[in-house]
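Asker: Just need the structure, nothing else, for what follows:
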Amino acid sequence: MPQRLMAEKKSSATKSKESPFSRWISYRPEIRVLDCTVRDGGLMNNHRFTDDFVRAVYQTCIEAGVDYMELGYKASRRMFAVNEFGDWKFCPEESIRRIVGENPSPLKLSVMADAERCDYKEDILPKKDSVVDMVRVATYVHQIPTALDMLKDAKDKGYETTVNLMAISIVPDRELNEALEMLAESEADVIYLVDSFGALYSEQIRFLVKKYLNYAKRNGKEVGIHAHNNLQLAFANTVEAIILGVNRLDSTMAGLGRGAGNCPTELLLGFLHNPKYDVRPVLRCVEQCLNPLRKEIHWGFDLSYMITGLFNQHPRAAIEYSARKPREDIVKFYDAVTE
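Answerer: Presented below is the predicted three-dimensional model:
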């Protein structure tokens, strides 16, 4: 076959593999993906992941080009019994280094610290003594004064900082405005919109993202999104946020996370169409490490989680329902929630 025709045939074969819509989608180089598989997934097994599992997720994030990996919490050992949880509830420096060494990779590491549940002044080391790059403070509206001090402490120690404002779907608009005004002037580099109950629809995401961007941008901050999948909208709501200008994106492999889980990393990387990201290592990790976990841990879309999402309620009732053996009738659960 003539060389020209061979080249044309190869070109045609390449084009046939492309989605007809791929040319419609562009990417922003400022977007950053944070995989919180180990941190959010740890809520389903008291953070008792094996070193092999955590190391596999870490290596996968590196190979996939993910920007940040969140390892777990910096919880207070005075408030939580150490023998009831795995290492990733507390993320001691020696445990992190057992997995990553000196982290000789572009992947940045993060930990989460819950307001009023963390001895942050003692347990969060100066950045020069840690392989962690970023501290994420999680706070409810009434805890913001503590969160502000935690953010300053982390920034003074040399870390990148974010703040995750929780349960905003039940916060009155005026209180949310006041909270965002304070957080926009804080030491946080990023303010995260968190759909804690997985109850938000796209029109609410649009309204909230515009609000968050309004407060954040005038103070030189980025906005992030952390979505839950109670209504099967975690990925869709994340895409909606991206379109509107959100640049910090949370996800987990196979959607592993509390209750209904999160926006799946594999879906997100596929959507972004950024050549820096490679979805293949994530697919391999899901197949080899995440899918076997389903024999031990139940997560993902489920009628009980859907019901708490529909009624904008914390999923704790659904988590308790899912743990019962045998489960009661789902309609009885629905009636109990609506009462």
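Asker: average model confidence for stretch 223-233?
Answerer: Averaging pLDDT along stretch 223-233 gives 97.
Asker: Extract the CA atoms of it and return them as PDB.
Answerer: The C-alpha trace of stretch 223-233 is given here as PDB (Å, rounded to 0.1, in the frame of the first residue of the first chain):
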ATOM      1  CA  VAL A 223     -13.400  27.800  44.900                       C
ATOM      2  CA  GLY A 224     -13.600  24.100  45.200                       C
ATOM      3  CA  ILE A 225     -16.400  21.500  45.100                       C
ATOM      4  CA  HIS A 226     -16.900  18.300  47.100                       C
ATOM      5  CA  ALA A 227     -20.000  16.500  46.000                       C
ATOM      6  CA  HIS A 228     -21.900  13.500  47.400                       C
ATOM      7  CA  ASN A 229     -23.900  11.000  45.300                       C
ATOM      8  CA  ASN A 230     -27.200  10.500  47.200                       C
ATOM      9  CA  LEU A 231     -29.200  11.600  44.200                       C
ATOM     10  CA  GLN A 232     -26.700  10.300  41.600                       C
ATOM     11  CA  LEU A 233     -25.600  13.900  40.900                       C
END
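Asker: list the buried ones in that stretch?
Answerer: By 16 or more other C-beta atoms under 10 Å, the buried positions in stretch 223-233 come out as Val223, Gly224, Ile225, His226, Ala227, His228, Asn229, Asn230, Leu231, Leu233. For the C-beta atoms, the positions are set from N, CA and C on the backbone; glycine is no exception.
Asker: Show me what the fifth one bridges to in the sheet.
Answerer: With DSSP bridges as the criterion, the beta-bridge partners of Ala227 are Asp195.
Asker: That one contacts Gly198, doesn't it?
Answerer: Yes - using C-beta atoms under 8 Å, Ala227 is in contact with Gly198, at 7.3 Å.
Asker: what's whichever helix or strand Tyr58 is part of packed up against?
Answerer: If you go by DSSP states H and E, Tyr58 is part of helix 51-64. On a contact count with 3 or more C-beta pairs under 8 Å, 6 or more residues apart in numbering; DSSP states H and E, helix 51-64 meets helix 37-41, strand 68-73, helix 93-100, helix 280-285.
Asker: coming back round to it: overlap in contacts, Ala227 and Gly198.
Answerer: Each of Leu233, Ala234 lies in contact with both Ala227 and Gly198 under the rule C-beta atoms under 8 Å, 6 or more residues apart in numbering.
Asker: Now do the helices in the protein.
Answerer: 3-16, 37-41, 51-64, 93-100, 120-123, 144-156, 173-184, 202-217, 234-244, 265-272, 280-285, 303-310, 316-323, 330-338 (DSSP state H).
Asker: need those in CSV with mean neighbour count and distance to Val163, can you?
Answerer: Formatted as CSV, these follow (neighbours: other C-beta atoms under 10 Å; distance: least, C-beta to C-beta, whole Å):
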stretch, mean neighbour count, distance to Val163
helix 3-16, 9, 44
helix 37-41, 27, 16
helix 51-64, 20, 23
helix 93-100, 16, 22
helix 120-123, 14, 13
helix 144-156, 19, 6
helix 173-184, 16, 5
helix 202-217, 17, 10
helix 234-244, 21, 16
helix 265-272, 22, 22
helix 280-285, 20, 27
helix 303-310, 22, 24
helix 316-323, 16, 23
helix 330-338, 13, 30
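Asker: For these, give me CSV that also has distance to Ala254.
Answerer: Converted to CSV, those look like this (distance: least, C-beta to C-beta, whole Å):
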stretch, distance to Ala254
helix 3-16, 29
helix 37-41, 8
helix 51-64, 11
helix 93-100, 20
helix 120-123, 30
helix 144-156, 30
helix 173-184, 31
helix 202-217, 23
helix 234-244, 12
helix 265-272, 7
helix 280-285, 9
helix 303-310, 16
helix 316-323, 17
helix 330-338, 24
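Asker: Relative to Arg55, which of the buried residues of stretch 223-233 is nearest.
Answerer: His226 (24.3 Å; C-beta to C-beta).
Asker: Hmm, that closest one is touching Thr162, no?
Answerer: No - with contact defined as C-beta under 8 Å, His226 does not reach Thr162; the gap is 9.9 Å.
Asker: so can I have a markdown table of the helices and strands packed on helix 51-64 showing mean pLDDT and distance to His142?
Answerer: Formatted as a markdown table, the helices and strands packed on helix 51-64 follow (pLDDT from 0 to 100; distance: least, C-beta to C-beta, whole Å):
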| stretch | mean pLDDT | distance to His142 |
| --- | --- | --- |
| helix 37-41 | 97 | 23 |
| strand 68-73 | 98 | 20 |
| helix 93-100 | 98 | 31 |
| helix 280-285 | 98 | 37 |
